[in-house]
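Undergrad: have a look at this prediction, sequence included:
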Amino acid sequence: MFEFAYPWMYVLLVLPFMVRLLFKPYKEQREAVQAPFFEKLKKITGQAPGKGAVVLRPRLFQRLMLPLAWVLIVTALARPQWVEDPITKIESGRDLMLAVDLSGSMEERDFTNPEGNRIDRLEAVKFVLNDFITRREGDRLGLILFGTTAYLQVPFTQDYNTFRLLLDEAQVRMAGPQTMIGDAIGLAIKLFAESDSENKVMILLTDGNDTGSQVPPSRAAGIASQNGVTIHTIAMGDPTTAGEQELDIEALQEISEITKGQYFMGMNREELEDIYHRLDELEPVEFETLSYRPRQPLYFYPLGIFFIIYLSYHLFMALRSLIGRKEKPAHA
């Protein structure tokens, strides 16, 4: 669609008429008589010459060119532009943080891949998360890795390729052999505090129990709830494991209950995939559409026409003058 950004600039079209009404025409002074014997005429007549003035009359082409040039200049000032069809940009209204356990127990090879080969728990998590990320198009995803310490691996981003790359680089025990669930929740709360999103969701994947976080998991869950963070917990591995690697199902259920999330049990890869399908239903993607219309400026077209006319006129006059001098007969 064609339109002008500043159509009110066309009021300047009357400016030349106003100037003509308010100001007198320019008068150029010239000698009244031009003759080689002018001085002799002065002596014979005994009269002193006087000075007059004439208003230069523009040529026909000038009369046509000047108004057209002014219209073109005013048109350029009005900023003509071509407005294209609206473009809709889709953005997410949710920040989703994934917290993945890298403690020593995650190296247990009690899962199978699609080919039926035995893989460790971390590899199973990566496999399922990759599919999960594909379905989260539009969300901002973040990644926390935790073991003895918790640290941010990926800040909230919509760059899913980088997210996958950094997730693939995660290795068992790279954050220490223990399981600090409370510290991971605390770090997530801090990161969510810096987010403007109204929908703050955390998915916690672990196969063990908290082994000494500075803030107990239940206390951290309470703080998360106060800050509007929903935590869905996923317990992985064998629930019959004893010792430091014992799976604390009650603690994970409590975390999800306090934060109004849900608890899931992922005993194998198929169950993990089912969990993510259910999470897709629990946390539907919320989109916000922002529309804008690209604008292509066109002001250079009237300016270009103006300069072409202006240069063509002066080139024509220069050629005319040159031809006239060549055709003028030489004096003896």
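TA: Structure received.
Undergrad: what is the burial count for the nearest residue to residue 136 once chain neighbours are set aside?
TA: Using CB to CB, 6 or more residues apart in numbering and skipping the chain neighbours, the partner closest in space to residue 136 is residue 96 (6.5 Å). (C-beta placed from N, C-alpha, C; glycine too.) Using other CB atoms under 10 Å, residue 96 has 22 neighbouring residues.
Undergrad: these two touch, right, residue 96 and residue 143?
TA: No: Residue 96 lies out of contact with residue 143 (CB atoms under 8 Å); the separation is 10.0 Å.
Undergrad: only alpha carbons, please: show the host helix or strand of residue 279 as CSV.
TA: Secondary structure from DSSP states H and E places residue 279 in helix 269-282. Taking C-alpha atoms only, helix 269-282 is exported to CSV below (Å, rounded to 0.1, in the frame of the first residue of the first chain):
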residue,chain,number,x,y,z
ARG,A,269,13.1,-44.2,28.3
GLU,A,270,9.5,-44.9,27.3
GLU,A,271,8.2,-43.6,30.6
LEU,A,272,10.4,-40.5,30.3
GLU,A,273,8.9,-39.8,26.8
ASP,A,274,5.4,-40.2,28.3
ILE,A,275,6.3,-37.7,31.0
TYR,A,276,7.3,-35.0,28.5
HIS,A,277,4.1,-35.6,26.5
ARG,A,278,2.1,-35.0,29.8
LEU,A,279,4.2,-31.9,30.5
ASP,A,280,3.3,-30.6,27.1
GLU,A,281,-0.3,-30.8,28.2
LEU,A,282,0.3,-29.4,31.7
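Undergrad: contacts for the host helix or strand of residue 76 next, please.
TA: Taking DSSP H and E as the criterion, residue 76 maps to helix 60-77. With CB atoms under 8 Å, 6 or more residues apart in numbering as the test, helix 60-77 has contacts from 6, 9-10, 12-13, 16, 58, 299-300, 302-303, 305-306, 309-310, 313.
Undergrad: measure residue 22 to residue 183 for me?
TA: In this view, residue 22 and residue 183 are 81 Å apart by CB to CB, to the nearest Å.
Undergrad: these two - which one has more neighbours?
TA: Counted by other CB under 10 Å, residue 22 and residue 183 do not tie: residue 183 has more neighbours, with 23 against 7.
Undergrad: contacts only, for that one.
TA: By CB under 8 Å, 6+ apart, residue 183 lies in contact with 146, 149, 150, 213, 214, 215, 220.
Undergrad: now the two most distant members of the residues you listed.
TA: Maximum pairwise distance among the contacts of residue 183 (CB to CB): 14.8 Å, between 149 and 220.
Undergrad: so those two - more neighbours on which side?
TA: Neighbours per residue (other CB under 10 Å) separate residue 149 from residue 220, with residue 220 holding more: 27 against 14.
Undergrad: give me the element the more buried one is part of.
TA: In this structure, residue 220 sits in helix 217-226 according to DSSP H and E.
Undergrad: immediately after that helix, which helix or strand?
TA: The element immediately downstream of helix 217-226 (helix or strand, assigned by DSSP H and E) is strand 229-236.
Undergrad: output the below-cut-off pLDDT ranges for the protein.
TA: 25-38, 41, 48-59, 89-93, 208, 237-246, 268-269, 272, 282-290, 327-332 (pLDDT under 70).
Undergrad: now do 50
TA: Per-residue confidence for the chain (pLDDT under 50) gives these ranges: 332.
Undergrad: outline the domain layout of it.
TA: For the chain, automatic domain parsing gives the domain ranges 2-85+294-327, 89-290.
Undergrad: deepest-packed of those domains, please.
TA: domain 89-290 (a mean of 18; mean count of other CB atoms under 10 Å).
Undergrad: just the terminal-to-terminal distance for stretch 257-275.
TA: Its first and final residues considered, stretch 257-275 spans 17 Å by CA to CA, to the nearest Å.
Undergrad: ok, and what's touching the helix or strand where residue 123 lies?
TA: Here residue 123 sits within helix 121-135, counting by DSSP H and E. Residues from elsewhere that reach helix 121-135, judged by CB under 8 Å, 6+ apart: 98, 100, 102, 105-108, 110-111, 113, 119, 141, 160, 163-164, 167-168, 170-172, 205, 207, 236-237, 268-269, 272-273, 276, 279-280.
Undergrad: show me the strands in the stretch 51-200 of the chain, by range?
TA: 51-54, 80-83, 87-92, 94-101, 111-112, 118-119, 140-146, 150-157, 199-206 (DSSP state E, counting those that start in this stretch).
Undergrad: among these, which is nearest residue 321?
TA: strand 51-54 (21.1 Å).
Undergrad: show me what contacts residue 202?
TA: Residue 202 is in contact with 96-99, 185, 188, 192, 224, 229-232, 259, 261, counting by CB under 8 Å, 6+ apart.
Undergrad: can you add distance to residue 295 and give those residues back as CSV?
TA: Formatted as CSV, the contacts of residue 202 follow (distance: CB to CB, whole Å):
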residue, distance to residue 295
96, 35
97, 38
98, 40
99, 44
185, 47
188, 42
192, 38
224, 45
229, 41
230, 42
231, 45
232, 44
259, 46
261, 46
